[in-house]
Each structure stands twice: as C-alpha cells, then as structure tokens.
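> kindly generate the corresponding structure for this input.
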Amino acid sequence: MENPECKAWGLPWKVLMRKRDRADPHFARYLHESLAAHSERKLTKQHGNFSPYYLPQEAMMHPERQPFADGAPDPVPLN
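Residues are numbered from 1 along each chain as shown. Down below sits the predicted model:
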C-alpha cells in the first residue's frame, strides 16, 4: 500500500475509492469527516423537535387552551 497510515485511520473503503482521493488521502479524510459532522448536525437539528429530551421554549410551555363548549361534560381530573 502506498500510504500505510491510511489503513490506520479506519475509514470506509468508499472514501479512498476515487483516483483523486488516493492521490491526496489527507484531503479525502478531511472531506469525509467534515461531511459526516455536517450530516450529524443536520440530523440533530431536524429531529430535535421529536426527541424525548426536547423541551419546548418558554413561550410554548403553556399554550392557550380553548374553553369547553357549552353543554360539554366537565373534564375528568387526571390525578
């Protein structure tokens, strides 16, 4: 192998598949890791609202509720 330290990086095989990536493996590694980090940030932002650890902003903590319609039964207390 021309660059034995590349194997120690533990990158997927597809990162060094192209000829230009084999010519400059350090840039290929940088590009792969930066795109992976960007993807992770994008997924965190996209799915943050659906996370079980997500807390809404203070303004959305107590939304306005509609009054019960006339003639509706009284709500059953939860506790």
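
> in stretch 66-79, what counts as buried?
By neighbour count with 16 or more other C-beta atoms under 10 Å, stretch 66-79 contains no buried residues. From N, CA and C alone the C-beta is placed, and that goes for glycine too.

> quick check: longest helix in this structure by residues?
Secondary structure of the chain per DSSP state H: the longest helix is helix 25-47.

> I'd like the distance from it to the chain centre, please.
Its chain's average C-alpha position is 11 Å from that of helix 25-47, according to C-alpha atoms, centre = their mean, to the nearest Å.

> ditto for stretch 10-30
24 Å.

> dump that stretch to PDB, keeping only the CA atoms.
The C-alpha trace of stretch 10-30 is given here as PDB (Å, rounded to 0.1, in the frame of the first residue of the first chain):
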ATOM      1  CA  GLY A  10     -10.200   3.200   9.800                       C
ATOM      2  CA  LEU A  11     -12.100   4.900   7.100                       C
ATOM      3  CA  PRO A  12     -14.700   3.100   5.000                       C
ATOM      4  CA  TRP A  13     -13.400   1.700   1.700                       C
ATOM      5  CA  LYS A  14     -15.500   4.100  -0.400                       C
ATOM      6  CA  VAL A  15     -13.600   7.200   1.000                       C
ATOM      7  CA  LEU A  16     -10.500   6.300  -1.000                       C
ATOM      8  CA  MET A  17     -12.200   4.700  -4.000                       C
ATOM      9  CA  ARG A  18     -11.600   7.600  -6.400                       C
ATOM     10  CA  LYS A  19      -8.300   8.200  -8.000                       C
ATOM     11  CA  ARG A  20      -8.200  11.800  -6.800                       C
ATOM     12  CA  ASP A  21      -8.800  10.700  -3.200                       C
ATOM     13  CA  ARG A  22      -6.000   8.200  -3.400                       C
ATOM     14  CA  ALA A  23      -3.700  10.900  -4.700                       C
ATOM     15  CA  ASP A  24      -4.500  13.100  -1.700                       C
ATOM     16  CA  PRO A  25      -5.800  10.900   1.100                       C
ATOM     17  CA  HIS A  26      -5.500  13.600   3.800                       C
ATOM     18  CA  PHE A  27      -7.900  15.800   2.000                       C
ATOM     19  CA  ALA A  28     -10.200  12.800   1.400                       C
ATOM     20  CA  ARG A  29     -10.200  12.100   5.100                       C
ATOM     21  CA  TYR A  30     -10.900  15.800   6.000                       C
END
